[in-house]
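> Give me a 3D structure for the following:
(chains A and B)
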Amino acid sequence: SQQGEEDPQALSIQEGENATMNCSYKTSINNLQWYRQNSGRGLVHLILIRSNEREKHSGRLRVTLDTSKKSSSLLITASRAADTASYFCATDRVGGANSKLTFGKGITLSVRP
Amino acid sequence: KAGVTQTPRYLIKTRGQQVTLSCSPISGHRSVSWYQQTPGQGLQFLFEYFSETQRNKGNFPGRFSGRQFSNSRSEMNVSTLELGDSALYLCASNRDRDSNQPQHFGDGTRLSIL
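This next block holds a predicted model:
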């Protein structure tokens, strides 16, 4: 069953704009991770935020985590055409195993040049 | 450092056949997990192997099985293939089973069942 649900399902923006993607989950987690997938390729890890962290940055990426609302957001600033991909949030549940991530259905991001 | 390598990249089979997919993890990684990705169900966890032992299993029928060798390479097998088994099968590796570490994914094997 899906743990995470991303919102929106699809997002189309102009190059240079910011893209915000949201993820909600249902159970207590050890951490939440965001991955990117280009068409026909595997998943690339973007950022991991632990349950005791509220915000994390990596280059043009900013992730927030609100464990009281069981939600997370991924912000990509100054988007580029190369950011066009599907983005997934994945949770490592408390009592589970880091190797057994539960993924949402993903967000399709299109960045128009 | 080479990434996770999955072979073959593409595979076409017919119903009733069986198939074996291979995954070579990043050097030094001992945990290997398998996921199935379909448009309808998304990414679903199949199983995890660590030190040649299955440590976790998802909700898939017994037709799906796997194993891990002493060099950490892993194979998964699907027997009596069904049309619904058409999917992208992804393998991910990690150094160990410690939490708070990202998974490293291969590019997957695209399996098509005719």
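
> hey, C-alpha coordinates of stretch A:28-42 in CSV?
Taking only C-alpha atoms (Å, rounded to 0.1, in the frame of the first residue of the first chain), the coordinates of stretch A:28-42 have been written out as CSV:
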residue,chain,number,x,y,z
SER,A,28,5.5,7.4,12.1
ILE,A,29,8.7,7.5,10.3
ASN,A,30,12.5,7.4,10.8
ASN,A,31,13.2,9.5,7.8
LEU,A,32,11.6,10.8,4.6
GLN,A,33,13.5,10.7,1.3
TRP,A,34,13.0,12.4,-2.1
TYR,A,35,14.1,10.7,-5.3
ARG,A,36,14.1,11.8,-8.9
GLN,A,37,13.4,9.5,-11.9
ASN,A,38,14.1,10.5,-15.5
SER,A,39,12.1,8.6,-18.1
GLY,A,40,13.2,5.0,-18.4
ARG,A,41,15.9,5.3,-15.8
GLY,A,42,16.3,4.4,-12.2
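
> I'd like the distance from it to the chain centre, please.
In this view, stretch A:28-42 has its centroid 6 Å away from the chain centroid, taken as CA atoms, centre = their mean, to the nearest Å.

> buried sites along that stretch?
Judged by neighbour count (16 or more other CB atoms under 10 Å in any protein chain shown), stretch A:28-42 contains these buried residues: A:29-37, A:41-42. Placement of C-beta: from N, CA and C, glycine included.

> Which ones among those also lie next to chain B?
On the criterion CB under 8 Å from any CB of the partner chain, A:30-31, A:33, A:35, A:41-42 are the entries of these that sit beside chain B.

> still on that earlier bit, and of the buried residues of stretch A:28-42, the nearest to chain B?
Sorting the buried residues of stretch A:28-42 by distance to chain B puts residue A:42 at the head of the list, at 3.9 Å, by CB to the nearest CB.

> Contacts only, for that closest one.
B:4, B:6, B:90, B:105-108 (CB atoms under 8 Å, 6 or more residues apart in numbering or on different chains).

> Name the residues of chain A found near chain B, please.
Close to chain B, as judged by CB under 8 Å from any CB, chain A has residues A:2, A:30-31, A:33, A:35, A:40-45, A:48, A:50, A:88, A:90, A:92, A:97-106.

> at 10 Å instead, please
When proximity is defined by CB under 10 Å from any CB of the partner chain, chain A lies next to chain B at A:1-2, A:4, A:30-31, A:33-35, A:37-38, A:40-51, A:88, A:90, A:92, A:94, A:96-106.

> Not counting sequence-adjacent ones, nearest residue to the residue nearest the centre of chain B?
Residue closest to the average C-alpha location in chain B (CA atoms, centre = their mean): residue B:34, at 3.2 Å. The spatially closest residue to residue B:34, leaving aside those adjacent along the chain, is residue B:46, at 4.1 Å (CB to CB, 6 or more residues apart in numbering or on different chains).

> about what we covered before: now render the buried residues of stretch A:28-42 as a markdown table, adding distance to residue B:81 and secondary structure.
Compiled in a markdown table, those are given as follows (distance: CB to CB, whole Å; DSSP: H, G, I helix; E, B strand; the rest coil):
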| residue | distance to residue B:81 | secondary structure |
| --- | --- | --- |
| A:29 | 35 | strand |
| A:30 | 35 | strand |
| A:31 | 35 | strand |
| A:32 | 35 | strand |
| A:33 | 31 | strand |
| A:34 | 33 | strand |
| A:35 | 28 | strand |
| A:36 | 30 | strand |
| A:37 | 25 | strand |
| A:41 | 24 | coil |
| A:42 | 22 | coil |
